[in-house]
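Trainee: next input, structure requested:
(chains A and B)
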Amino acid sequence: MPNDSAVNPALEFTQLAEHRGYLLRIARMELRDEHLAEDCVSDTLTHAFEKRASFRGASSLRTWLVAILKNRIIDLLRKQWREQPLEPSPSGEQDFDALFDASGHYAEMPSAVADPAELCQQDGFLAAVQRCIDKLPKRIGQVFVLREVFGVDTKELCKDLELTSSNVWVQLYRARMMLRSCLEKGGFGHAQTETR
Amino acid sequence: MLKLKLARHPMMRISCQHASRLLSQQQDERLPFGQRLRLRIHLAVCTACSNVARQFAALRLAMQKWRDRE
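Mentor: Here you go, the predicted model:
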(Lines give C-alpha, C1' and ligand atoms only; values in the text may rest on other atoms or scores of the structure.)
Protein backbone atom coordinates (compact mmCIF):
# COMPACT_ATOMS: atom_id res chain seq x y z
CA MET A 1 0.00 0.00 0.00
CA PRO A 2 1.38 3.42 -0.88
CA ASN A 3 1.37 5.72 2.10
CA ASP A 4 -1.33 7.98 0.74
CA SER A 5 -2.66 8.65 4.19
CA ALA A 6 0.34 10.81 4.91
CA VAL A 7 -0.67 13.35 2.27
CA ASN A 8 -4.37 13.49 3.08
CA PRO A 9 -4.33 16.23 5.69
CA ALA A 10 -2.67 18.33 3.03
CA LEU A 11 -5.57 17.85 0.63
CA GLU A 12 -6.09 21.20 -1.02
CA PHE A 13 -9.49 22.66 -1.67
CA THR A 14 -8.61 22.99 -5.34
CA GLN A 15 -8.11 19.25 -5.56
CA LEU A 16 -11.64 18.77 -4.32
CA ALA A 17 -13.03 21.50 -6.53
CA GLU A 18 -11.67 19.74 -9.61
CA HIS A 19 -14.55 17.33 -9.22
CA ARG A 20 -17.15 20.01 -9.01
CA GLY A 21 -18.27 19.68 -12.63
CA TYR A 22 -18.85 15.96 -12.31
CA LEU A 23 -20.68 16.31 -8.99
CA LEU A 24 -22.90 19.01 -10.45
CA ARG A 25 -23.78 16.83 -13.41
CA ILE A 26 -24.95 13.93 -11.30
CA ALA A 27 -26.67 16.18 -8.75
CA ARG A 28 -28.63 17.88 -11.54
CA MET A 29 -29.65 14.56 -12.99
CA GLU A 30 -30.86 13.44 -9.58
CA LEU A 31 -32.55 16.61 -8.35
CA ARG A 32 -33.71 18.24 -11.60
CA ASP A 33 -33.18 21.59 -9.95
CA GLU A 34 -30.21 23.77 -10.76
CA HIS A 35 -30.11 25.72 -7.49
CA LEU A 36 -30.65 22.72 -5.28
CA ALA A 37 -27.94 20.87 -7.16
CA GLU A 38 -25.48 23.74 -6.71
CA ASP A 39 -26.29 24.01 -3.02
CA CYS A 40 -25.78 20.30 -2.48
CA VAL A 41 -22.49 20.30 -4.34
CA SER A 42 -21.16 23.35 -2.47
CA ASP A 43 -22.16 21.77 0.84
CA THR A 44 -20.46 18.57 -0.23
CA LEU A 45 -17.19 20.31 -1.08
CA THR A 46 -17.20 22.35 2.12
CA HIS A 47 -17.99 19.34 4.24
CA ALA A 48 -15.34 17.27 2.45
CA PHE A 49 -12.75 19.97 3.05
CA GLU A 50 -13.57 20.13 6.75
CA LYS A 51 -13.35 16.37 7.02
CA ARG A 52 -10.37 15.99 4.71
CA ALA A 53 -8.36 14.24 7.40
CA SER A 54 -10.84 11.36 7.30
CA PHE A 55 -10.23 10.67 3.61
CA ARG A 56 -8.21 7.50 3.70
CA GLY A 57 -7.20 7.29 0.10
CA ALA A 58 -8.50 3.74 -0.10
CA SER A 59 -11.10 4.87 -2.61
CA SER A 60 -10.61 7.55 -5.20
CA LEU A 61 -11.24 11.11 -4.20
CA ARG A 62 -14.20 11.27 -6.54
CA THR A 63 -15.79 8.16 -5.02
CA TRP A 64 -15.42 9.71 -1.60
CA LEU A 65 -17.03 12.97 -2.74
CA VAL A 66 -19.87 11.13 -4.45
CA ALA A 67 -20.59 9.29 -1.20
CA ILE A 68 -20.83 12.59 0.68
CA LEU A 69 -23.06 14.09 -2.01
CA LYS A 70 -25.22 10.97 -1.95
CA ASN A 71 -25.84 11.39 1.78
CA ARG A 72 -26.79 15.04 1.33
CA ILE A 73 -29.21 14.16 -1.42
CA ILE A 74 -30.78 11.30 0.49
CA ASP A 75 -31.38 13.56 3.51
CA LEU A 76 -32.95 16.13 1.26
CA LEU A 77 -35.21 13.67 -0.55
CA ARG A 78 -36.27 11.98 2.67
CA LYS A 79 -37.51 15.30 3.96
CA GLN A 80 -39.20 16.21 0.69
CA TRP A 81 -40.89 12.84 0.35
CA ARG A 82 -42.06 12.83 3.94
CA GLU A 83 -43.82 16.11 3.36
CA GLN A 84 -45.14 14.99 0.02
CA PRO A 85 -45.90 11.29 0.03
CA LEU A 86 -46.40 9.63 -3.33
CA GLU A 87 -49.92 9.98 -4.68
CA PRO A 88 -51.81 6.79 -3.94
CA SER A 89 -51.27 4.73 -7.06
CA PRO A 90 -51.63 1.27 -5.53
CA SER A 91 -49.34 -0.89 -7.60
CA GLY A 92 -48.39 1.33 -10.47
CA GLU A 93 -48.48 -1.46 -12.97
CA GLN A 94 -51.69 -0.58 -14.74
CA ASP A 95 -49.70 1.74 -16.97
CA PHE A 96 -48.00 -1.21 -18.52
CA ASP A 97 -51.07 -3.30 -19.16
CA ALA A 98 -51.15 -2.04 -22.70
CA LEU A 99 -47.72 -3.53 -23.30
CA PHE A 100 -49.01 -7.00 -22.63
CA ASP A 101 -51.88 -8.96 -24.13
CA ALA A 102 -54.51 -10.77 -22.08
CA SER A 103 -52.26 -13.79 -21.60
CA GLY A 104 -49.41 -11.64 -20.26
CA HIS A 105 -47.28 -11.75 -23.41
CA TYR A 106 -45.74 -8.72 -25.05
CA ALA A 107 -48.23 -7.22 -27.48
CA GLU A 108 -45.33 -5.87 -29.54
CA MET A 109 -41.99 -7.55 -29.92
CA PRO A 110 -39.33 -5.60 -27.97
CA SER A 111 -36.53 -4.70 -30.34
CA ALA A 112 -33.48 -6.90 -30.46
CA VAL A 113 -30.10 -5.69 -29.21
CA ALA A 114 -27.36 -7.74 -30.80
CA ASP A 115 -24.61 -6.52 -28.51
CA PRO A 116 -25.29 -4.28 -25.50
CA ALA A 117 -21.63 -3.22 -25.27
CA GLU A 118 -21.55 -2.23 -28.91
CA LEU A 119 -24.78 -0.32 -28.53
CA CYS A 120 -23.27 1.74 -25.74
CA GLN A 121 -20.39 2.71 -28.03
CA GLN A 122 -22.74 4.18 -30.58
CA ASP A 123 -22.78 7.92 -31.00
CA GLY A 124 -25.69 9.51 -29.30
CA PHE A 125 -26.75 6.51 -27.28
CA LEU A 126 -25.66 7.87 -23.90
CA ALA A 127 -27.21 11.21 -24.74
CA ALA A 128 -30.45 9.45 -25.66
CA VAL A 129 -30.38 7.60 -22.34
CA GLN A 130 -29.96 10.87 -20.51
CA ARG A 131 -32.82 12.49 -22.41
CA CYS A 132 -35.06 9.55 -21.60
CA ILE A 133 -34.12 9.69 -17.91
CA ASP A 134 -35.01 13.38 -17.81
CA LYS A 135 -38.44 12.47 -19.18
CA LEU A 136 -39.25 9.94 -16.48
CA PRO A 137 -41.81 10.97 -13.87
CA LYS A 138 -39.73 12.81 -11.27
CA ARG A 139 -39.92 10.42 -8.34
CA ILE A 140 -39.29 7.37 -10.52
CA GLY A 141 -36.33 9.05 -12.15
CA GLN A 142 -34.92 9.98 -8.76
CA VAL A 143 -35.08 6.44 -7.45
CA PHE A 144 -33.52 5.14 -10.66
CA VAL A 145 -30.64 7.65 -10.63
CA LEU A 146 -29.93 6.96 -6.97
CA ARG A 147 -29.73 3.28 -7.81
CA GLU A 148 -27.76 3.46 -11.04
CA VAL A 149 -25.61 6.56 -10.72
CA PHE A 150 -25.08 6.81 -6.98
CA GLY A 151 -24.97 3.05 -6.61
CA VAL A 152 -27.43 2.92 -3.70
CA ASP A 153 -28.67 -0.65 -3.31
CA THR A 154 -32.30 -1.54 -2.76
CA LYS A 155 -31.88 -2.22 0.96
CA GLU A 156 -30.40 1.22 1.52
CA LEU A 157 -33.11 2.80 -0.61
CA CYS A 158 -35.76 1.22 1.62
CA LYS A 159 -34.07 2.14 4.85
CA ASP A 160 -32.86 5.63 4.01
CA LEU A 161 -35.90 6.80 2.11
CA GLU A 162 -38.49 4.97 4.20
CA LEU A 163 -39.86 2.99 1.27
CA THR A 164 -41.07 -0.59 1.23
CA SER A 165 -39.10 -3.06 -0.83
CA SER A 166 -42.04 -3.76 -3.14
CA ASN A 167 -42.36 -0.03 -3.69
CA VAL A 168 -38.69 0.23 -4.64
CA TRP A 169 -38.93 -2.73 -7.02
CA VAL A 170 -42.01 -1.32 -8.68
CA GLN A 171 -40.39 2.08 -9.14
CA LEU A 172 -37.21 0.61 -10.60
CA TYR A 173 -39.25 -1.69 -12.82
CA ARG A 174 -41.32 1.21 -14.07
CA ALA A 175 -38.20 3.27 -14.71
CA ARG A 176 -36.54 0.55 -16.73
CA MET A 177 -39.66 -0.26 -18.72
CA MET A 178 -40.23 3.40 -19.54
CA LEU A 179 -36.59 3.88 -20.50
CA ARG A 180 -36.77 0.79 -22.65
CA SER A 181 -39.72 2.09 -24.63
CA CYS A 182 -38.35 5.62 -24.76
CA LEU A 183 -35.11 4.30 -26.24
CA GLU A 184 -36.99 2.05 -28.62
CA LYS A 185 -38.96 5.02 -29.88
CA GLY A 186 -35.71 6.87 -30.39
CA GLY A 187 -34.45 3.95 -32.45
CA PHE A 188 -32.72 1.96 -29.69
CA GLY A 189 -29.64 0.64 -31.34
CA HIS A 190 -29.72 2.79 -34.41
CA ALA A 191 -27.90 5.94 -33.46
CA GLN A 192 -30.70 8.38 -33.98
CA THR A 193 -29.49 11.58 -35.50
CA GLU A 194 -30.98 14.53 -33.71
CA THR A 195 -34.59 14.66 -34.77
CA ARG A 196 -35.79 16.95 -32.06
CA MET B 1 -38.09 -29.71 -26.61
CA LEU B 2 -37.45 -30.37 -22.97
CA LYS B 3 -37.13 -26.63 -22.44
CA LEU B 4 -40.46 -26.03 -24.10
CA LYS B 5 -42.12 -28.69 -21.97
CA LEU B 6 -40.60 -27.23 -18.84
CA ALA B 7 -41.61 -23.73 -19.79
CA ARG B 8 -45.22 -24.85 -20.18
CA HIS B 9 -45.30 -26.81 -16.99
CA PRO B 10 -47.81 -25.17 -14.63
CA MET B 11 -45.22 -25.05 -11.86
CA MET B 12 -42.67 -23.34 -14.08
CA ARG B 13 -44.82 -21.22 -16.35
CA ILE B 14 -44.59 -17.46 -15.93
CA SER B 15 -45.97 -14.67 -18.08
CA CYS B 16 -43.78 -12.16 -19.91
CA GLN B 17 -45.07 -9.54 -17.54
CA HIS B 18 -43.86 -11.54 -14.57
CA ALA B 19 -40.59 -12.37 -16.31
CA SER B 20 -39.95 -8.69 -17.00
CA ARG B 21 -40.45 -7.82 -13.37
CA LEU B 22 -37.99 -10.52 -12.40
CA LEU B 23 -35.50 -9.23 -14.99
CA SER B 24 -35.60 -5.83 -13.39
CA GLN B 25 -35.41 -7.18 -9.86
CA GLN B 26 -32.46 -9.32 -10.86
CA GLN B 27 -30.49 -6.18 -11.63
CA ASP B 28 -30.78 -5.16 -8.02
CA GLU B 29 -30.52 -8.34 -6.02
CA ARG B 30 -30.09 -12.04 -6.26
CA LEU B 31 -33.39 -13.76 -6.91
CA PRO B 32 -34.47 -16.74 -4.84
CA PHE B 33 -33.65 -20.06 -6.52
CA GLY B 34 -37.19 -20.87 -7.66
CA GLN B 35 -37.65 -17.54 -9.36
CA ARG B 36 -34.25 -17.68 -10.96
CA LEU B 37 -35.10 -21.10 -12.38
CA ARG B 38 -38.48 -20.01 -13.75
CA LEU B 39 -36.93 -16.95 -15.31
CA ARG B 40 -34.18 -18.97 -16.96
CA ILE B 41 -36.60 -21.44 -18.38
CA HIS B 42 -38.84 -18.67 -19.64
CA LEU B 43 -35.93 -16.87 -21.29
CA ALA B 44 -34.86 -20.05 -23.03
CA VAL B 45 -38.10 -20.14 -24.98
CA CYS B 46 -39.14 -16.47 -25.17
CA THR B 47 -37.58 -14.12 -27.70
CA ALA B 48 -39.46 -11.07 -26.44
CA CYS B 49 -38.14 -11.39 -22.90
CA SER B 50 -34.66 -12.27 -24.12
CA ASN B 51 -34.71 -9.00 -26.01
CA VAL B 52 -35.83 -7.17 -22.91
CA ALA B 53 -33.02 -8.80 -20.96
CA ARG B 54 -30.50 -7.39 -23.45
CA GLN B 55 -32.12 -3.99 -23.42
CA PHE B 56 -31.82 -3.94 -19.65
CA ALA B 57 -28.20 -5.04 -19.90
CA ALA B 58 -27.49 -2.21 -22.35
CA LEU B 59 -29.16 0.25 -20.03
CA ARG B 60 -27.09 -0.91 -17.08
CA LEU B 61 -23.92 -0.61 -19.13
CA ALA B 62 -24.88 2.84 -20.36
CA MET B 63 -25.38 3.99 -16.77
CA GLN B 64 -21.98 2.62 -15.84
CA LYS B 65 -20.38 4.53 -18.68
CA TRP B 66 -22.23 7.65 -17.74
CA ARG B 67 -21.01 7.28 -14.17
CA ASP B 68 -17.41 6.64 -15.10
CA ARG B 69 -16.90 9.43 -17.55
CA GLU B 70 -15.26 12.58 -16.37
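Trainee: list the contacts of the residue nearest the centre of chain B.
Mentor: Nearest to the mean C-alpha position of chain B, by C-alpha atoms, centre = their mean, lies B:Leu23 at 3.6 Å. Each residue near B:Leu23 by C-beta atoms under 8 Å, 6 or more residues apart in numbering or on different chains is listed here: B:39, B:49, B:52-53, B:56. Just so you know, the C-beta spots here come from the backbone N, C-alpha and C atoms, and that holds for glycine as well.
Trainee: one more time with 10 Å, if that's ok
Mentor: A:173, A:176-177, B:16, B:31, B:39, B:42-43, B:49-50, B:52-53, B:55-57 (C-beta atoms under 10 Å, 6 or more residues apart in numbering or on different chains).
Trainee: next one: A:Val41
Mentor: Counting by C-beta under 10 Å, 6+ apart, A:Val41 touches A:17, A:19-28, A:65, A:69, A:72.
Trainee: how close does B:Ile41 get to chain A?
Mentor: For B:Ile41, the distance to chain A under the criterion C-beta to the nearest C-beta, to the nearest Å works out to 15 Å.
Trainee: so how far is the host helix or strand of that residue off the chain centroid?
Mentor: Counting by DSSP states H and E, the secondary-structure element that holds B:Ile41 is helix B:33-45. Distance of helix B:33-45 from the chain centroid (C-alpha atoms, centre = their mean, to the nearest Å) equals 8 Å.
Trainee: before we move on, the earlier item: just name the closest of the contacts of B:Leu23 to A:Leu183, please.
Mentor: A:Leu183 lies nearest to B:Gln55 out of those, by C-beta to C-beta, at 7.4 Å.
Trainee: can you tell me the SS state at the closest one?
Mentor: helix (DSSP: H, G, I helix; E, B strand; the rest coil).
Trainee: how about it, nearest residue that isn't a chain neighbour?
Mentor: Using C-beta to C-beta, 6 or more residues apart in numbering or on different chains and skipping the chain neighbours, the partner closest in space to B:Gln55 is A:Arg180 (5.0 Å).
Trainee: and that neighbour, how many neighbours?
Mentor: Using other C-beta atoms under 10 Å in any protein chain shown as the criterion, A:Arg180 is surrounded by 23 other residues.
Trainee: and if you look at A:Gln142?
Mentor: 22.
Trainee: just checking, it touches A:Ala175?
Mentor: Yes: under the criterion of C-beta atoms under 10 Å, A:Gln142 makes contact with A:Ala175 at 9.5 Å.
Trainee: may I ask which helix or strand of chain B has the lowest mean pLDDT?
Mentor: With mean pLDDT, DSSP states H and E as the measure, the helix or strand of chain B carrying the lowest mean pLDDT is helix B:2-8 (a mean of 77).
Trainee: so which bits of whichever helix or strand comes after it are buried?
Mentor: Scanning the chain past helix B:2-8 towards its C-terminal end, the next helix or strand to appear is helix B:16-26 (assignment: DSSP H and E). Using 16 or more other C-beta atoms under 10 Å in any protein chain shown as the burial criterion, the residues of helix B:16-26 that qualify are B:16-25.
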